[in-house]
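A.B. asks: Based on what follows, work out the 3D shape:
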Amino acid sequence: MKKKSKLKLFWTLSIIATIIFAFIPNLGVRMEGPYHYFGFPAQWLGYYRGPRLTFNILGALFNIVFFYFVFFVLNKILKRILSSTIR
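C.D. replies: This next block holds a predicted model:
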């Protein structure tokens, strides 16, 4: 796979993972009274009773970069495992 397409795939997967992990109960959802906070590992979306939403851009960016590095490291590990089993 080409380097550019791999980078694009990692960024796309990290954005998708950020959204998915934010809405997993007991992992990405935290409730305090009428307030609901979403995001894992950092909170990036807040919901208050009624139509009020808050968006934390730094939390979202942190989560995207965090999942990018997770996918990057997993890719390196899988490459080593697969290359050692092929030999």
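A.B. asks: how about the strands in the protein?
C.D. replies: Secondary structure of the chain by DSSP state E: the strands cover 29-32, 35-38, 45-48, 52-55.
A.B. asks: Mean pLDDT for the ones you listed - can I get that in CSV?
C.D. replies: Output for these, formatted as CSV (pLDDT from 0 to 100):
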stretch, mean pLDDT
strand 29-32, 90
strand 35-38, 92
strand 45-48, 91
strand 52-55, 92
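A.B. asks: Any chance of these in a markdown table with mean neighbour count and distance to residue 8 as columns?
C.D. replies: Every residue, glycine included, has its C-beta placed from N, CA and C. Shown next, in a markdown table, are those (neighbours: other CB atoms under 10 Å; distance: least, CB to CB, whole Å):
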| stretch | mean neighbour count | distance to residue 8 |
| --- | --- | --- |
| strand 29-32 | 12 | 29 |
| strand 35-38 | 16 | 26 |
| strand 45-48 | 16 | 25 |
| strand 52-55 | 10 | 24 |
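A.B. asks: Rebuild these as CSV, extending it with distance to residue 13.
C.D. replies: Below are these laid out as CSV (distance: least, CB to CB, whole Å):
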stretch, distance to residue 13
strand 29-32, 21
strand 35-38, 19
strand 45-48, 19
strand 52-55, 21
